[in-house]
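Sequence isn't available, so here's the structure alone:
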């Protein structure tokens, strides 16, 4: 019956304009639509989907009829969709449709879009407007409806009328609720674009000011905070005219009036309470300042509003006896939030920061954080994570602030910090954190240590005097971190970050200061570096190799590097060569199974270089071959091995020597790559060289290829030599094995136990030089008995008495009784 009912409703609507008497029947028919729909079959909901959706869409079209009673009835009918009640009496053969059926059909029919469009028609009719907003509030609970409403520009249309007169307060409440739903259930970016105009921001500004200055109830404060959150979301759009509409200036004033006294009439006599809503407001104001300061045009307004001074009032030890408007837990959270806000704002306002004695305040607060006393904090908030029962949270955010200021590389700020003793203070903090934190606080303690090292790196880099201040005490804390159990690097607690900070500190705080370098070497720092390098973690390799290159300028380093031994007696040179092979495998460099050069024209080419086509580039743009030097670790390995002397590297295998041939010629090959690029660019640009230049280029290209061939030939010789050596070693091993088997056979042929009454005969005859197995009886026929004094008599004495005559020794015949006669040399 639904299609018939809506057909009658349509006919009535056409006649209303000329015959107002049709308003009443049309209103009654619309009222019927608010009642439960009934069905005969379960399948009716699907069968009549299209008819139902089209019928409900007609309700939106009827909003165009300029009749207040009809419009209000339509709105009541739609609201009833969301508050379905069972029929008052049961009709046999029928059952009620599912409770969400009408809501879904309204989505399918696009009712939400029509209702948004009706907002324009009722701008000057408050009651009707409130009913339409109520409908949109219900419709905006679904993502499908929100998408339709966004397409109809609902956010901008509703926001622009936030400040319209409404004694009941429903308009502001329902409008803000709709905006919230749209932000949550549709494209946030699209909503922000719709709200980022002068009209919407002026409306938000006036509403917020009124609620801030005159809102006293719990409801008003909640609504005020909701409006501020919506404003914060809009402020993330750099194109939003926050400054042009004056909203930024007002927000800065409201954020700082409690800390910095102002004569502005907007805040005269105003005071925030310690209620939950006011506390949330304060945090929201700090948060929006961080967002607003991303627009550099806000800087002057921040200066005028004395934001730095206001935020620095929180960078101090809490005073227990002083009566403040916040509870201890609230003040702690605001303090952390203020310091976090300073980290974003202070770098933009260096002069204001220095004029307010920012460094002095921060270092004094940092000293209090590191000092042991009975003051313990609550750690209840997001910023207070890990700070319960200690002052770690305050220390963490204070160090973040210091790090932000130091990394500006402003000489005034950094010099002032160093003059105030920040280097020794940070080293002391690091030592305390390394010794006294519990396992529960390990993550935050590691973050504090990492930040301390990063700050030290920022201060000491390029300044020898500051590196000397860092000194042996600083080197000790670096060595302490480098001795960390490698298993902890996989724990996820922050040991990786700490190790990165430590390696950065070696680069910035030790290298270049000879006393620190020598102390680092003396304490086996190079051994520790190589231990970390041997872990084979790619993320550390590049930085460690860079440090090694610089350290090798110190003449004492080579001895330490060559003395290092890893697992299985691995040497530093062998480790570096293994890293080279691994890097080339990852880069897709062509090598044969023995690690030899495959392409003598392009011996270093990576798979990426093969894929990239050479293109003509301006002189100030690095080519692919040049970029390759910086993008992998091969150049650093070449530099380290070069400084260690290629000719005298200990502990290398034949495979290592084959790879070393390539590394030794890395620079020649890389220069050849660059000349090859020059040739290709000349061809692409169709330039014709003069004869002398052409000859020179051909000579250079040929020379590079010849070097490749020479290296390949040398590698072949090494492999062949190694193969021969392997054969010799194998034969030697087999000979030793045969001898062992022979000895074993001899031993096994002997009696294990001597028989009783057996006579033992000595088998080894002193002075006998026979080299063949002897029988039981040996007769020497060639040597006269007179020369030896009898058969086998004292052989040593006989040799001593041998007369020197008769020329050379003669070959003799040896005859045994048990074996055939054979010749035996004497």
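Good, I have the coordinates. What you see is a predicted model, and the numbers here were worked out from it, not measured in a lab.

show me where pLDDT drops low in the chain?
For the chain, the stretches flagged by pLDDT under 70 are 84, 86-89, 320-324, 373-389, 437-438, 750-755, 758, 760-826.

which one's the longest helix in it?
helix 691-749 (DSSP state H).

Could you tell me whether residue 83 really is in a strand?
No. Using DSSP: H, G, I helix; E, B strand; the rest coil, the assignment for residue 83 is coil, not a strand.

Give me the neighbour count for it.
Here the number of neighbours of residue 83 (other C-beta atoms under 10 Å) works out to 9. To be clear about C-beta, it is placed using only N, CA and C from the backbone, and glycine gets the same treatment.

do you know how far it is from residue 109?
Using C-beta to C-beta, to the nearest Å, residue 83 is found at 19 Å from residue 109.

Equivalent analysis for residue 253, please.
Distance of residue 253 to residue 109, given as C-beta to C-beta: 48 Å.

More neighbours: these two, which one.
Taking other C-beta under 10 Å, residue 253 and residue 109 do not tie; residue 109 has more neighbours (21 against 18).

roughly how far out does the longest helix of the chain sit from the chain middle?
46 Å (C-alpha atoms, centre = their mean, to the nearest Å).

just stretch 239-251 next, same as before
35 Å.

swap in stretch 65-84?
54 Å.

just stretch 23-31 next, same as before
So, by C-alpha atoms, centre = their mean, the centroid of stretch 23-31 is 64 Å from its chain's centroid.

Which residues outside it are in contact with it?
5, 8-9, 12-13, 16, 59, 62, 67, 69-70, 73-74, 76-77 (C-beta atoms under 8 Å, 6 or more residues apart in numbering).

How about the contacts made by the closest residue to residue 443 other than its chain neighbours?
Excluding the flanking residues, the one nearest residue 443 by C-beta to C-beta, 6 or more residues apart in numbering is residue 493, at 4.9 Å. When the contact criterion is C-beta under 8 Å, 6+ apart, the partners of residue 493 are 442, 443, 446.

Three-state assignment for the first one, please.
When classified by three-state DSSP, residue 442 comes out as helix.

wait, what's in contact with it?
Counting by C-beta under 8 Å, 6+ apart, residue 442 touches 493, 494.

And the residue nearest to the spatial centre of the chain, how close does it get to residue 390?
In the chain, the C-alpha nearest the mean C-alpha coordinate belongs to residue 497, at 9.5 Å (C-alpha atoms, centre = their mean). For residue 497, the distance to residue 390 equals 21 Å [C-beta to C-beta].

With residue 239 instead?
44 Å.

now do residue 212
Applying C-beta to C-beta to residue 212 and residue 390 gives a distance of 36 Å.

repeat for residue 148
Applying C-beta to C-beta to residue 148 and residue 390 gives a distance of 53 Å.

isn't residue 486 right next to residue 535, touching?
Yes. Counting by C-beta atoms under 8 Å, residue 486 touches residue 535, with 5.6 Å between them.

where do the contact lists of the two overlap?
Here residue 486 and residue 535 have no joint contacts, going by C-beta under 8 Å, 6+ apart.

just the strands in this structure please.
38-39, 95-96, 778-780, 813-816, 822-823 (DSSP state E).

nearest to residue 593, of the contacts of stretch 23-31?
Nearest to residue 593 out of the contacts of stretch 23-31 is residue 59 (C-beta to C-beta; 78.8 Å).

show me the contacts for the closest residue to residue 545 other than its chain neighbours.
Counting by C-beta to C-beta, 6+ apart, residue 636 is the residue found nearest to residue 545 once chain neighbours are left out, at 3.8 Å. Residue 636 is in contact with 542, 545, 546, 548, 549, counting by C-beta under 8 Å, 6+ apart.

What is the burial count for residue 147?
There are 17 residues near residue 147, going by other C-beta under 10 Å.

okay but it is in contact with residue 190, surely?
No. Taking contacts as C-beta under 8 Å, residue 147 lies outside contact range of residue 190: 9.4 Å.

Please list all residues in contact with residue 347.
404, 405, 408.

can you do 10 Å?
Going by C-beta atoms under 10 Å, 6 or more residues apart in numbering, residue 347 touches 293, 353, 401, 404, 405, 407, 408, 410, 413.

so how far does stretch 564-583 reach from one end to the other?
Across stretch 564-583, the terminal residues are separated by 22 Å (C-alpha to C-alpha, to the nearest Å).

make that stretch 596-615, sorry
For stretch 596-615, the first-to-last residue distance is 30 Å (C-alpha to C-alpha).

Could you give me the buried positions within that stretch?
For stretch 596-615, the neighbour count (16 or more other C-beta atoms under 10 Å) marks 596, 597, 600, 602, 603, 604, 605, 606, 609, 614 as buried.

Give me the subset of those residues lying in helices.
Using DSSP H, the buried residues of stretch 596-615 in helices are residue 609.

Just give me how far stretch 513-525 sits from the chain centre.
The chain centroid and the centroid of stretch 513-525 are separated by 31 Å under C-alpha atoms, centre = their mean.

Please enumerate residues in contact with that stretch?
Contact with stretch 513-525 is made by 460, 463-472, 474-476, 478-479, 482-483, 506, 509-511, 526-531, 547, 550-551, 553-554, 556-557, 559-560, 563-564, as judged by C-beta under 10 Å, 6+ apart.

Which of these are buried? Put it as a PyMOL command.
Restricted to buried positions by 16+ other C-beta under 10 Å, the PyMOL selection for the contacts of stretch 513-525 reads:
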select buried, resi 460+463+466+467+469+470+471+474+475+478+479+482+506+509+510+511+526+527+528+529+530+531+547+550+551+554+557+560+564
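
In helices only, show me the contacts of stretch 513-525.
Reading helices off those with DSSP H, I get 460, 464-472, 474-476, 478-479, 482, 526-531, 547, 550-551, 557, 559-560, 563.

sorry, back to before: please report which of the contacts of residue 636 has the highest neighbour count.
For these, the largest neighbour count, defined by other C-beta under 10 Å, is 23 neighbours, found at residue 548.

who's in contact with that residue?
Listed by C-beta under 10 Å, 6+ apart, the contact set of residue 548 reads 526, 529-530, 533, 557, 561, 572, 576, 636-637, 639-640, 643-644.

how about TSV for those, with distance to residue 173 added?
Output for the contacts of residue 548, formatted as TSV (distance: C-beta to C-beta, whole Å):
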residue	distance to residue 173
526	70
529	65
530	68
533	64
557	73
561	73
572	72
576	70
636	65
637	68
639	69
640	70
643	74
644	76
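
Quick check: of those, which lies closest to residue 158?
Of all the contacts of residue 548, residue 158 sits closest to residue 636, with 60.8 Å by C-beta to C-beta.

Against residue 579, how distant is the closest one?
Computed as C-beta to C-beta, the residue 636 to residue 579 distance reads 10 Å.

what sits in contact with each of the two?
541, 545.

mind checking how far the nearest residue to residue 285 once chain neighbours are set aside is from residue 318?
Spatial nearest neighbour of residue 285, excluding adjacent residues (C-beta to C-beta, 6+ apart): residue 255 at 3.8 Å. Distance from residue 255 to residue 318, counting by C-beta to C-beta: 21 Å.

same deal with residue 425?
Where residue 318 is concerned, residue 425 sits at a distance of 21 Å (C-beta to C-beta).

now stretch 594-610, how far from the centre of its chain.
That offset, for stretch 594-610, works out to 32 Å (C-alpha atoms, centre = their mean).

starting at the chain centroid, how far to stretch 243-263?
37 Å.

Give the buried residues for it.
Buried residues in stretch 243-263, counting neighbours by 16+ other C-beta under 10 Å, are found at 245, 247-258, 260, 262.

and that stretch, how far apart are its ends?
End to end - C-alpha to C-alpha - stretch 243-263 spans 21 Å.

before we move on, the earlier item: now render the contacts of residue 347 as JSON lines, adding distance to residue 49.
Listed next are the contacts of residue 347 as JSON lines, based on distance: C-beta to C-beta, whole Å:
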{"residue": "293", "distance to residue 49": "53"}
{"residue": "353", "distance to residue 49": "65"}
{"residue": "401", "distance to residue 49": "61"}
{"residue": "404", "distance to residue 49": "59"}
{"residue": "405", "distance to residue 49": "64"}
{"residue": "407", "distance to residue 49": "62"}
{"residue": "408", "distance to residue 49": "64"}
{"residue": "410", "distance to residue 49": "68"}
{"residue": "413", "distance to residue 49": "69"}
